[in-house]
Structures are given as C-alpha cells and as structure tokens.
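Enquirer: got a predicted model here, sequence first, then my questions.
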Amino acid sequence: MCDHNHNHPSAGGSIQDKDKDIETLRILLAHWIEHNKSHEENFREWAEKSDKLGKARVAELISKAADSLNAASLYLLEAKKHI
C-alpha cells in the first residue's frame, strides 16, 4: 500500500492562473525580442570594430552570433503572434 498523502494542484491550474501566465508570457516575449535586438545591434557594432582592428575571424564569429540572435527574435515574434 502506498503512503501518498500530499495534495496535487488541479490539472492546468485555475483560469485566473492561466490568464496571468499568458499575460506574463506576452510580456516576456516582447521583452526578449527587444533585449535580443539591443544585443544584436551591439554585436554588429563590435563585429565592425573587430574587422577594422584586423580581427576578421573575430568579426565573422560575432556577426554569426548577431545573426543567431536575429533568428531567435524571429522565432519569438512568431510565438508572440500565437498568444
């Protein structure tokens, strides 16, 4: 026999909890998109500076990181459309 006496929340939580979580998700997605944009711009600035410093490989890798942030933002933007 199992001694299982702790309480479990109802599956999925209350409607209020779901509404609050959806609103939080909406806010987070907007924040993450803006945050990524800021970092992407900074990365591109430093990629250009790195290139001017003769650090082509560094510039290339920073540019790829910026591209990855842009791609992540596009996924987040698409996710936001489905809220």
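Expert: Good, I have the coordinates.
Enquirer: element containing the residue nearest in space to the middle of the chain?
Expert: In the chain, the centroid-proximal residue (CA atoms, centre = their mean) is Trp32; its distance is 4.5 Å. Taking DSSP states H and E as the definition, Trp32 sits inside helix 15-52.
Enquirer: list the buried residues in that helix.
Expert: Residues of helix 15-52 classed as buried: 29, 32-33, 36, 40, 43-44, 46-47, 50-51 (neighbour count, 16 or more other CB atoms under 10 Å). (Glycine included, C-beta is placed from N, CA and C.)
Enquirer: how about low-confidence regions in the protein?
Expert: Under the criterion pLDDT under 70, the flagged ranges of the chain are 1-12.
Enquirer: sorry, back to before: next, the contact list for the residue nearest to the centre of the chain, please.
Expert: Contact analysis of Trp32 by CB atoms under 8 Å, 6 or more residues apart in numbering lists 73, 76.
Enquirer: can you rerun that using 10 Å?
Expert: 72-73, 76-77, 79-80 (CB atoms under 10 Å, 6 or more residues apart in numbering).
Enquirer: list only those of the residues you listed flagged as buried.
Expert: Listed as buried from the contacts of Trp32 are 73, 76; burial here means 16+ other CB under 10 Å.
Enquirer: among the contacts of Trp32, name the ones in helices.
Expert: Using DSSP state H, the subset of the contacts of Trp32 located in helices is 72-73, 76-77, 79-80.
Enquirer: sorry, back to before: of the buried residues of helix 15-52, closest to Ile62?
Expert: Nearest to Ile62, judged by CB to CB, of those is Ala47 at 4.0 Å.
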